[in-house]
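J.: Here is a sequence with its predicted model. Questions after.
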Protein chains: 2
Amino acid sequence: MRTLYHFKLSPFSRKVRIVLSEKHLEFELINERYWERRREFLAMNPAAQVPVLTEPSIGLFSDSTAITEYLEEKYPEYPLLGKTIIERAEARRLSSWFNNKFYYEVTKYVLDEKVIKHFKGRGSPSSDSLRAARSNISYHFDYIAYLVKHRKWLAGDNFSIADISAASQISVLDYLSEVPWEHSKEVKEWYALIKSRPSFRPLLNDNLPGFTPPKHYTNLDF
Amino acid sequence: MRTLYHFKLSPFSRKVRIVLSEKHLEFELINERYWERRREFLAMNPAAQVPVLTEPSIGLFSDSTAITEYLEEKYPEYPLLGKTIIERAEARRLSSWFNNKFYYEVTKYVLDEKVIKHFKGRGSPSSDSLRAARSNISYHFDYIAYLVKHRKWLAGDNFSIADISAASQISVLDYLSEVPWEHSKEVKEWYALIKSRPSFRPLLNDNLPGFTPPKHYTNLDF
């Protein structure tokens, strides 16, 4: 059976879970507390990061972008990168925006301070880091709002890896009550569309012991 | 004419310069002081990052990974990602390792502290940041050494985007005298092979006013 080593609140694990579901590929989930650097897990991925995908009799894959590109090449039905070269360049540019820029400027602060610190027993969140995240998220939301005002989906006419990458980051922040939904009607409407996709539903049922999501987290009408 | 907006000591600009040369594609370089956030540059790339590639009558591309994937699709002669799906997954995994993990754990500290701070007039480098970079580089070099002991090139039998991504990061550190060459004979031998490629030579002739590279920087025998 195809297996994904993941952590429920890792945005990159969530991205690959959505990609697998959008491609109608079945998989089993294994929880990995990657910060504990389990020896067998390091042997699978020396970067000590989730997700890691194993495909029986094919191989083992890590790095969420490399996994996504692999799945797109291996299972081209239900494409998520776009049809033309130009569409793919735009979807990849925006996917990278959320995987890197958004992650390092927003998600990483919140996740490290609120969740990883808790599991490592390293005390309470730094208010400076959370303040930085809360300040940075505004201009990212302005950019998403700008994009969806001019396009149907983030990268153009089609739902793509750009939407999946962005929504994966935002869903983690939403679970941790760190999304300023009042900031932008456009972002909320775009996210509501993604939330209602069958590929997204399993993420809304995730429950991480010790962390209770806000009530609106699971609501399609929030 | 194809144009690349770049900064001489940006590892991501260097990566795309090498990719273009390896694919025998001609291009003009335009220096971009991206940290000044020039209005016309932000209009080209709202992420305010180099490199940005313009291809006349085709389009404008940003994000070095999206650019590399675009060039591989558009100009498949001289492939740099690998031939099989499995080879490409491995080349992308390792490319991402150096673009992300290595960059954030090593290069970014050195570049921000020694170069960007200087241009922004924000004083002298933080010794804590430089110490972190110098400590982190060791295990990355151990990993490169492990890979090239078992393989011809980083991702396997063929020179690939993995080698280019790694060498781009290392070349920036080398310019700034931050590479512990004595740490690993294997890494030095692998890097010497890359240094001797015609695609790499223009980088060795780069000169950034105010920053003089060490003598060995340009030597193929170092």
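T.: Received the coordinates, thanks.

J.: nearest residue to residue A:118 other than its sequence neighbours?
T.: If the residues on either side of it in the chain are set aside, residue A:118 comes closest to residue A:210, at 6.7 Å by C-beta to C-beta, 6 or more residues apart in numbering or on different chains. Using the backbone N, CA and C atoms, a C-beta is placed for each residue, glycine as well.

J.: okay, now the one you found: neighbour count?
T.: Residues near residue A:210, counting by other C-beta atoms under 10 Å in any protein chain shown, number 8.

J.: my read: it touches residue A:114, true?
T.: No - here residue A:210 lies out of contact with residue A:114, judged by C-beta atoms under 8 Å, at a distance of 10.4 Å.

J.: hey, where'd the helices end up in chain A?
T.: A:11-22, A:39-44, A:64-74, A:85-96, A:108-111, A:117-120, A:127-150, A:161-175, A:185-195, A:201-204 (DSSP state H).

J.: what does chain A have sitting close to chain B?
T.: Within chain A, the positions adjacent to chain B are A:46-47, A:58-59, A:61-63, A:65-67, A:69-70, A:73-74, A:85-86, A:88-89, A:92-93, A:96-97, A:100-101, A:104, A:143 by C-beta under 8 Å from any C-beta of the partner chain.

J.: In ChimeraX, how would I select just the buried ones from the residues you listed?
T.: Command for ChimeraX, covering only those of those found buried under the criterion 16 or more other C-beta atoms under 10 Å in any protein chain shown:
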select /A:47,61,62,63,65,66,67,69,70,88,89,92,93,96,97,100,101,143
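
J.: measure the residue nearest the centre of chain A to chain B for me?
T.: In chain A, the C-alpha nearest the mean C-alpha coordinate belongs to residue A:168, at 2.5 Å (C-alpha atoms, centre = their mean). Distance, residue A:168 to chain B, using C-beta to the nearest C-beta, to the nearest Å: 16 Å.

J.: Let me see the contact set for residue A:204.
T.: By C-beta atoms under 8 Å, 6 or more residues apart in numbering or on different chains, the residues touching residue A:204 are A:195, A:217, A:218.

J.: now do residue A:136
T.: Going by C-beta under 8 Å, 6+ apart, residue A:136 touches A:105, A:106.

J.: any idea of the pLDDT on the residue lying farthest from the centre of chain A?
T.: In chain A, the residue that sits farthest from the middle, by C-alpha atoms, centre = their mean, is residue A:57; the gap is 27.2 Å. Model confidence at residue A:57, given as pLDDT, is 95.

J.: Now it: phi and psi?
T.: Main-chain dihedrals, residue A:57, degrees, to the nearest 10: phi 60, psi 10.

J.: per-domain residue ranges of chain A.
T.: Under the assignment automatic domain parsing, the domains of chain A span A:3-74, A:85-217.

J.: Same list (those domains) but as CSV, adding distance to residue B:164.
T.: CSV is the format used below for the domains of chain A (distance: least, C-beta to C-beta, whole Å):
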stretch, distance to residue B:164
domain A:3-74, 15
domain A:85-217, 17
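
J.: ok, back up a step: identify the residues contacting the residue nearest to the centre of chain A.
T.: Shown in contact with residue A:168 (C-beta under 8 Å, 6+ apart): A:11, A:12, A:14, A:15, A:18, A:98.

J.: any idea how far residue A:194 is from it?
T.: 10 Å (C-beta to C-beta, to the nearest Å).

J.: Counting neighbours, what do you get for the residue lying closest to residue A:9 once chain neighbours are set aside?
T.: Setting aside the residues directly before and after it, residue A:9 is nearest to residue A:172 in space (C-beta to C-beta, 6+ apart), at 5.2 Å. Other residues within reach of residue A:172, judged by other C-beta under 10 Å, total 26.

J.: Before we move on, what's the pLDDT of residue A:172?
T.: 98.

J.: How about the contacts made by the closest residue to residue A:41 other than its chain neighbours?
T.: Spatially, and ignoring its direct neighbours in sequence, residue A:41 is nearest to residue A:32 (5.9 Å; C-beta to C-beta, 6+ apart). Listed by C-beta under 8 Å, 6+ apart, the contact set of residue A:32 reads A:5, A:6, A:7, A:38, A:41, A:50, A:52.

J.: how about 6 Å then?
T.: Residues in contact with residue A:32, defined by C-beta atoms under 6 Å, 6 or more residues apart in numbering or on different chains, are A:5, A:7, A:41, A:50.

J.: Am I right that the first one is in contact with residue A:52?
T.: When you say that, I think you mean residue A:5. Yes - using C-beta atoms under 6 Å, residue A:5 makes contact with residue A:52 at a distance of 4.2 Å.

J.: Of the contacts of residue A:32, just say which sits nearest to chain B.
T.: Relative to chain B, the closest of the contacts of residue A:32 is residue A:50; by C-beta to the nearest C-beta it sits at 13.7 Å.

J.: what number of residues lie near the closest one?
T.: Residue A:50 is flanked by 24 other residues according to other C-beta under 10 Å.

J.: Surely it touches residue A:4?
T.: No - in this structure, residue A:50 is not within contact of residue A:4 by C-beta under 6 Å, at 8.5 Å.

J.: The spatially closest residue to residue A:78 that is not a sequence neighbour and residue A:81, how far apart?
T.: Closest residue in space to residue A:78, ignoring its immediate chain neighbours: residue A:23 at 4.9 Å, by C-beta to C-beta, 6+ apart. Per C-beta to C-beta, residue A:23 is found 11 Å from residue A:81.

J.: still on that earlier bit, now that we have the contacts of residue A:32, which of them are buried?
T.: In the contacts of residue A:32, burial by neighbour count holds for A:5, A:7, A:41, A:50, counting by 16+ other C-beta under 10 Å.

J.: Among those, which lie within strands?
T.: residue A:5 (DSSP state E).

J.: Columns pLDDT and distance to residue A:164 on top of the buried ones among the contacts of residue A:32, output as JSON lines?
T.: Output for those, formatted as JSON lines (pLDDT from 0 to 100; distance: C-beta to C-beta, whole Å):
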{"residue": "A:5", "pLDDT": "98", "distance to residue A:164": "19"}
{"residue": "A:7", "pLDDT": "98", "distance to residue A:164": "17"}
{"residue": "A:41", "pLDDT": "98", "distance to residue A:164": "24"}
{"residue": "A:50", "pLDDT": "98", "distance to residue A:164": "16"}
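
J.: Please consider this matter closed, and thank you.
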